[in-house]
Structure formats: structure tokens, C-alpha cells
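[1] I would like the atomic coordinates for the input below:
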Amino acid sequence: MAERRGVELAGFWVRVGAQLIDAAWMLPLGMALVLLGELARGGQELSPGADLLLQLISALIILLFWATRQATPGKMLFRLRVVDAETGGMPPWPRLVLRYFGYILSGLPLGLGYFWMLWDPRRQCWHDRLARTLVVQDPPARG
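    A predicted model of the protein is given here:
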């Protein structure tokens, strides 16, 4: 699929780089939300419900990037996109949600699900296999 459309499957290190960039912009956002929550509670720590709400906000932000751009800012910087493994197009919304929650599965056994792409012929992590997605890298723009 990917090779026919002039894109290649994204490699391990470029995906790690994209994740690090996403963590770099999500961390300050999360800290700001926590501080706002603590201010609203008069300096008290967040309740479990408030913590869950912050996790849902983070998930929604990531899902909205995937659904509108097929990539988070880190992926965009490296010209990476999340695509449907069969069609190369936009994955359906339910599969994007499944992919997001698949991150938990990929991380549970010491991150084995993330490293799985090193042995997988289609470079899929467990969350990609679960959601039937690929991460592809578009060629540089010609200018």
C-alpha cells in the first residue's frame, strides 16, 4: 500500500522523535491544566475524578489531531501520518479511538508493543495492528 503512493513506512527512531516532541508540548499543557484545577480547588490536590478528566482532555486532543490532520504536531514535523492499513486513507474514528487505547496495551509489558515494529514487516506497533493502521512518512516537498 504505502510504497505505491510514494510514501514509506515510518522507522523506529523517527517515531520515537515524534513522540518526544509530542511529550514536549503536551507536558506544559498538562501542567497548566493541573495548576488551573488546583487553583479552582483552593490549592488542594486534584481528585481522582479531576485527574481522569485531565486524561480524557489529553486523549481528546490527540484524537482530534489524528482525525483532522492524521498526525500530532510531532508527527507533522517529521512528515508522518497515521493511515488506514488497507486503503492508505483516513482511518475511521472508532479505530483511532482503539489505536489510542492500544497505547496502553503497547506499553504494559515493558514497552514491548512499541518495540514490536522492529520485527514487524509493516513496522506496526501493537496499537497499529489492533487498529489496522500504519504510520507512513511522506517524501519531502519539492521546491
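
[2] residue 60 is in contact with residue 97, correct?
    No - Residue 97 sits out of contact with residue 60 when judged by Cβ atoms under 8 Å, with a separation of 10.1 Å. Where you see a C-beta, it was placed from the backbone N, CA and C, and this is true even at glycine.

[3] who's more crowded, the two?
    The neighbour comparison of residue 97 against residue 60 (other Cβ atoms under 10 Å) goes to residue 97, with 16 against 11.

[4] can you give me the helices for the protein?
    Taking DSSP state H to define them, one finds helices in the chain at 12-40, 48-69, 73-77, 93-107, 112-115, 126-131.

[5] now those as a markdown table including mean pLDDT and distance to residue 85?
    Compiled in a markdown table, the helices of the chain are given as follows (pLDDT from 0 to 100; distance: least, Cβ to Cβ, whole Å):
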| stretch | mean pLDDT | distance to residue 85 |
| --- | --- | --- |
| helix 12-40 | 87 | 16 |
| helix 48-69 | 88 | 14 |
| helix 73-77 | 97 | 16 |
| helix 93-107 | 95 | 10 |
| helix 112-115 | 95 | 16 |
| helix 126-131 | 97 | 7 |
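
[6] for the nearest residue to residue 44 once chain neighbours are set aside, give its distance to residue 130.
    Nearest non-adjacent residue to residue 44, counting by Cβ to Cβ, 6 or more residues apart in numbering: residue 38, 6.8 Å away. In this view, residue 38 and residue 130 are 35 Å apart by Cβ to Cβ, to the nearest Å.

[7] same deal with residue 113?
    Distance, residue 113 to residue 130, by Cβ to Cβ: 9 Å.

[8] equivalent analysis for residue 95, please.
    On the measure of Cβ to Cβ, residue 95 and residue 130 end up 9 Å apart.

[9] any chance of the helices of the chain in a markdown table with distance to residue 86 as columns?
    Supplementary listing: these in a markdown table, determined by distance: least, Cβ to Cβ, whole Å:
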| stretch | distance to residue 86 |
| --- | --- |
| helix 12-40 | 21 |
| helix 48-69 | 17 |
| helix 73-77 | 20 |
| helix 93-107 | 11 |
| helix 112-115 | 21 |
| helix 126-131 | 12 |
